[in-house]
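# this is the structure alone, sequence omitted:
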């Protein structure tokens with residue numbers, strides 16, 4: 001960039017700043033030693049990651065300036081090739097410059113830049129850096145922002161002639177093939193980073209080399225073009241955007257992001273332009289499609305909102321085709337029944353309102369708000385689902401059409417067979433076109449809205465209102481359309497008189513509706529489960545793992561909560577407690593309780609190991625039969641003023657609730673009571 005000024009001493013001077021590759025050819029040969037020292041300093045600064053520029057100046061005599069000014073004004077007024085004429089005029093004045101020196105500044109990366117670039121690379125997005133910095137500075141920036149990883153092989157393409165560039169491209173291609181074969185033998189993946197200088201890029205973008213250069217660049221995980229001009233940035237974007245390996249392939253989607261005026265041409269050339277607002281000015285922001293203040297926001301724009309947008313559009317399109325196939329094919333299947341007279345089975349108002357009221361709102365909300373994964377749970381790799389076009393392609397379109405075909409056939413023929421030769425409670429025939437048409441219209445509305453409910457992942461209050469409200473709206477509107485009032489106003493427009501009133505009063509219609517819903521939707525659910533279990537996409541695997549992790553955490557939490565309770569329960573002794581209505585309840589741990597067989601009797605195996613009735617340990621039954629002293633009587637004492645009793649059981653005192661009016665309920669208890677000759681006992685082994 002150059003500027004011409006009249007200095008305070010009255011002399012006219014031109015000041016120029018720019019990259020060394022651009023400014024050095026414009027210098028005169030007056031101070032070669034100074035130029036060599038300046039280049040050494042610039043290389044030192046570049047290795048430290050600083051951004052360098054060369055500054056030069058020139059004193060212009062007044063006569064030369066006036067002559068040049070006429071040429072420049074004529075170039076500005078040119079009607080043909082105006083830009084070329086201006087560039088030619090600039091070249092006349094930007095020559096024989098005196099070297100002033102160089103500058104070096106530190107341009108720190110914004111917060112989150114390395115992490116953002118790393119996540120974009122994980123999403124299989126090719127990242128190219130087009131910069132005006134020196135080669136050493138560009139490589140250091142590549143390492144600092146994690147675009148170039150330590151294990152990558154850095155390939156440098158530099159040449160000053162077309163033939164030399166062509167030879168280097170072939171040599172680098174041969175080197176890539178050799179390194180890949182060596183890495184394959186070792187069982188590792190070889191990654192490459194390509195660095196291209198601006199002078200080399202000028203020849204690489206020529207017609208005979210650009211496709212060869214692009215094929216080489218696409219084999220590299222990172223590409224850095226240094227010392228490039230704004231025009232070269234736009235040409236590189238255009239080359240990538242228009243590249244098609246096969247004629248049937250779509251164009252590559254390109255996104256350009258920049259913060260300065262020198263990035264405007266690149267931003268305009270890309271499919272999506274993003275401008276960063278900062279100290280570089282607002283030129284990039286004004287020329288962009290999206291703008292934000294930090295580079296790290298690019299990750300959320302692409303990997304979150306871009307992914308959500310793709311998922312929503314695919315669901316919207318699949319459901320849109322499905323519901324219209326289901327609605328239209330019903331009338332096609334009905335054509336043989338009406339002699340192909342173009343008579344519709346549906347009410348004309350239903351045909352009008354089907355896509356406007358009954359089925360439009362739920363899928364519209366899905367297309368706006370649905371989310372397969374939250375921001376926290378969405379790994380960058382799921383972005384490949386959109387790159388591979390897995391959710392909407394020819395196969396998905398065919399499946400949507402086939403699903404609509406099956407639903408249309410089910411919604412017509414199942415009600416037709418269910419209502420065949422049927423009469424209502426008044427003895428009237430139920431096979432009229434008005435009755436069948438209203439019945440089928442309701443079933444179609446319910447089935448397609450249940451289908452969009454299956455497609456919905458993120459349920460909100462609005463989803464519930466619009467999904468179930470669409471079904472309810474059919475009942476409400478048809479109550480008005482089929483009312484006697486509407487029929488008296490316009491019999492021709494409201495010809496389906498009394499249709500819904502007779503339909504909802506027929507029990508078989510409700511059964512038919514449920515049966516059709518199951519038959520039409522369960523094959524779809526089964527196919528989806530089959531795909532998830534046998535051929536899941538990356539997105540389905542991520543969703544499945546997240547749900548599995550939630551279930552695992554819930555199970556772990558449940559066990560954690562149960563563990564203290566079980567530990568407490570294991571230490572609670574067996575005792576009698578007052579129950580309701582004068583009865584009693586038995587408290588014991590699971591280990592202490594005796595199990596009964598299906599007939600309510602204690603099995604012999606259990607009796608030998610766990611005891612009988614209220615025995616809390618092994619051996620009570622045998623001692624009882626043998627006549628041994630296995631009963632411990634509760635010490636009789638005045639319990640009127642005591643909250644509990646103390647029971648001495650094999651030398652151990654246990655505090656029990658105070659028994660009162662406890663009566664035995666079983667024969668075993670009565671037998672135990674007689675043997676111990678006490679009214680209140682506790683059996684403890």
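That came in fine, so what should we check first? As the structure is a prediction and not an experimental result, all values here were calculated from the model. Numbering: from 1, shown residues only.
# buried residues in the helix or strand hosting residue 201?
Residue 201 is located in helix 198-204, with elements delineated by DSSP states H and E. Across helix 198-204, burial judged by 16 or more other CB atoms under 10 Å covers 198-204. C-betas here are computed from N, CA, C, even on glycine.
# okay, now the nearest residue in space to residue 71 that is not next to it in sequence: neighbour count?
Leaving aside its chain neighbours, residue 71 sits nearest to residue 89 (5.1 Å; criterion: CB to CB, 6 or more residues apart in numbering). Neighbours of residue 89 under the rule other CB atoms under 10 Å: 20.
# just give me the longest strand of the protein.
Once the chain is assigned using DSSP state E, the strand that runs over the most residues is strand 51-60.
# didn't residue 192 look like it was pressed against residue 218?
No: with contact defined as CB atoms under 8 Å, residue 192 does not count as touching residue 218 (10.8 Å).
# can you pull out the strands in the stretch 351-500 of the chain?
Applying DSSP state E, counting those that start in this stretch to the stretch 351-500 of the chain gives no strands.
# helices of that one, start to end?
For the stretch 351-500 of the chain, the helices defined by DSSP state H, counting those that start in this stretch occupy 360-369, 384-387, 394-418, 433-455, 461-481, 484-489, 499-504.
# and the shortest one, how far from the chain's centre?
To tie it back to what came earlier, the one meant is helix 384-387. 10 Å (CA atoms, centre = their mean, to the nearest Å).
# what's the helix or strand for residue 194?
Under the criterion DSSP H and E, the helix or strand holding residue 194 is strand 192-197.
# still on that earlier bit, among the helices of the stretch 351-500 of the chain, which comes closest to residue 154?
Shortest distance between residue 154 and these, using CB to CB, is found for helix 384-387: 26.2 Å.
# pLDDT averaged over the closest one, what's the number?
Across helix 384-387, pLDDT averages out at 86.
# helices or strands next to that helix in the packing?
helix 307-334, helix 538-570 (3 or more CB pairs under 8 Å, 6 or more residues apart in numbering; DSSP states H and E).
# weakest of these in terms of mean pLDDT?
When the helices and strands packed on helix 384-387 are compared by mean pLDDT, helix 538-570 comes last with a mean of 71.
# what's the next secondary structure element after the helix holding residue 201?
Following helix 198-204 in sequence, per DSSP H and E, is helix 210-218.
# mind listing residues that contact the helix or strand that that following helix is followed by?
Proceeding N to C from helix 210-218, the next assigned helix or strand is strand 222-226, under DSSP H and E. Identification of contacts with strand 222-226 by CB atoms under 8 Å, 6 or more residues apart in numbering yields 121, 126-135, 137-139, 142, 147-148, 152, 193-198, 201, 217, 232-233, 236.
# give me the buried subset of the residues you listed.
121, 128-135, 137-139, 142, 147-148, 152, 193-198, 201, 217, 232-233, 236.
# in helices only, show me the residues you listed.
If you go by DSSP state H, the buried ones among the contacts of strand 222-226 have 121, 135, 137-139, 142, 198, 201, 217, 232-233, 236 in helices.
# among those residues, find the lowest-pLDDT one for me.
Within those, lowest confidence goes to residue 198 (82).
# okay, now the unreliable bits of the protein?
By pLDDT under 70, the weakly predicted segments of the chain are 246-251, 422-431, 486-487, 491-499, 561-685.
# for residue 532, see how far away the most centrally placed residue in it is.
Nearest residue to the geometric centre of the chain (CA atoms, centre = their mean): residue 373, 4.3 Å. If you measure residue 373 against residue 532 using CB to CB, to the nearest Å, the figure is 15 Å.
# look up phi and psi at the residue nearest to the centre of the chain.
Dihedral pair for residue 373: phi -130, psi 150, per degrees, to the nearest 10.
# what sits against it?
Residue 373 makes contacts with 307, 382, 539, 542-543, 546, as judged by CB under 8 Å, 6+ apart.
# among these, the buried ones, what's the ChimeraX command?
Provided next is the ChimeraX selection string for whichever of those are buried by 16+ other CB under 10 Å:
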select :307,382,539,542,543
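# which one of the contacts of residue 373 is nearest residue 521?
Residue 521 lies nearest to residue 543 out of the contacts of residue 373, by CB to CB, at 20.3 Å.
# would you confirm that that closest one contacts residue 378?
No: contact between residue 543 and residue 378 fails when scored by CB under 8 Å: they sit 10.2 Å apart.
# overlap in contacts of those two?
Between them, residue 543 and residue 378 share no contacting residue, judged by CB under 8 Å, 6+ apart.
# tell me how many other residues crowd residue 185.
8.
# again with residue 298
Neighbour tally, residue 298, other CB under 10 Å: 21.
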